[in-house]
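J.: sequence? don't have it. structure:
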């Protein structure tokens, strides 16, 4: 049974939960797999620590809590520091390159960065950095197809923002595909 | 950034296609021919006399300075529609853009106006314009429906403001789309906080 545990971490306002939700929707609703999502917020809405636990499996999931993730998707330094010790041996860290200094990743763990904030700003809205991260995740891991993620993004973002979000997704995905050879 | 996805081929309701592309200086003759071929009644609702070479020259200058963004729709090598985004580059309405759409009679009711208007809304959003307006006459029901589908609503009515070829005065409706609200919704989706979950 193939099961992948994912932890998405960052700061409130970065769209951490939406990022996890889209990955889960892509897998479960559009990818024919099983998925669960658990979200955790800090005491404040914006700027406090925030994370999402996503589990993707070919089989029904009995226990949805992520204790030792296979993959970390990290958008802040605090989240990196907090969740890196939980990563499974041989696990994968996908991080926002301009916001996270990935020093301290133990040998044997794979670590790839994407300038998601810069890409989002180049596209016109910093707000879509989480969607760049989703694309990067899909491009690197191949756990969910780009078609499934596209549909999940379209299901999840407000009307009128679809076009820019799709371009953000594609930007992250293409960057991820180009880098995916580094971990194979 | 805003125009890098063009040219874009759109499929119309009847299965035919048109290509949307930013206006190039080399295309000004075709644009002029398009406007000159419009029925006089249609040209009356346009703000400028679009049949003169002077107008075309001035229009191209504004395209070069990006004061206006013009998209033309081409089919069979001819211009069959045009949509313009007018914006003010300075001053107190610099956050506002105005869209004007014109389609050749043979291409109406086929979804081309919607495609052109939708493309301009996306361009305006990409350019950071926060409010987009269009002006329609009260009896232009199809145009009003098209813009309503794109998120526009009545913002103001100027009673008896325009007069048609028969001398009938009609209300001018200003419809607006507050695009900033769209991104406020995206910000809300990203807020990572759900008080109702405790």
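T.: Everything's here; your move. Please read these numbers as outputs of a predicted model, since none were measured by experiment. Residues are numbered from 1 along each chain as shown, chains lettered A, B, ... in the order given.

J.: The helix or strand hosting residue A:22 near chain B at all?
T.: Using DSSP states H and E, residue A:22 maps to helix A:16-28. Yes - if you take C-beta under 8 Å from any C-beta of the partner chain as the test, helix A:16-28 does meet chain B, through A:16, A:17, A:18. Where you see a C-beta, it was placed from the backbone N, CA and C, and this is true even at glycine.

J.: nearest to residue B:177, of these?
T.: Of all the residues of helix A:16-28 next to chain B, residue B:177 sits closest to residue A:18, with 23.9 Å by C-beta to C-beta.

J.: which residues touch that closest one?
T.: Applying C-beta atoms under 8 Å, 6 or more residues apart in numbering or on different chains to residue A:18 gives the contacts A:130, A:156, B:189, B:190, B:192.

J.: Based on its surroundings, how many neighbours for the third one?
T.: Summarising burial for residue B:189: neighbours were counted as other C-beta atoms under 10 Å in any protein chain shown, giving 18.

J.: I am assuming it contacts residue A:15, so please confirm or correct that.
T.: Yes - using C-beta atoms under 8 Å, residue B:189 is in contact with residue A:15, at 7.1 Å.

J.: Quick check: closest non-adjacent residue to residue A:144.
T.: Setting aside the residues directly before and after it, residue A:144 is nearest to residue A:26 in space (C-beta to C-beta, 6 or more residues apart in numbering or on different chains), at 4.1 Å.

J.: Need the pLDDT of that neighbour.
T.: Listed pLDDT for residue A:26 reads 97.

J.: Please list all residues in contact with it.
T.: For residue A:26, the contact set (C-beta under 8 Å, 6+ apart) comprises A:138, A:144, A:145, A:148, A:149, A:151, A:152.

J.: Report the contact partners of residue A:162.
T.: Applying C-beta under 8 Å, 6+ apart, the residues contacting residue A:162 are A:153, A:154.

J.: Could you pull out the strands in chain B for me?
T.: Using DSSP state E, the strands of chain B run over B:8-11, B:17-22, B:68-75, B:78-87, B:96-103, B:131-137, B:153-163, B:169-178.

J.: Make JSON lines out of those and add mean neighbour count and distance to residue B:34.
T.: JSON lines is the format used below for the strands of chain B (neighbours: other C-beta atoms under 10 Å in any protein chain shown; distance: least, C-beta to C-beta, whole Å):
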{"stretch": "strand B:8-11", "mean neighbour count": "13", "distance to residue B:34": "17"}
{"stretch": "strand B:17-22", "mean neighbour count": "18", "distance to residue B:34": "13"}
{"stretch": "strand B:68-75", "mean neighbour count": "22", "distance to residue B:34": "8"}
{"stretch": "strand B:78-87", "mean neighbour count": "21", "distance to residue B:34": "4"}
{"stretch": "strand B:96-103", "mean neighbour count": "23", "distance to residue B:34": "8"}
{"stretch": "strand B:131-137", "mean neighbour count": "20", "distance to residue B:34": "20"}
{"stretch": "strand B:153-163", "mean neighbour count": "12", "distance to residue B:34": "23"}
{"stretch": "strand B:169-178", "mean neighbour count": "18", "distance to residue B:34": "24"}
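
J.: hey, which helix is longest across chain A?
T.: Ordering each helix of chain A by length in residues (DSSP state H) puts helix A:162-180 first.

J.: So which bits of chain A are right by chain B?
T.: So chain A meets chain B at A:10-18, A:39, A:41, A:44-46, A:50, A:122-125, A:127-128, A:130, A:156-161, A:163-165, A:167 (C-beta under 8 Å from any C-beta).

J.: Where does pLDDT dip in chain A?
T.: For chain A, applying pLDDT under 70 flags the ranges A:1, A:41-47, A:182-184.
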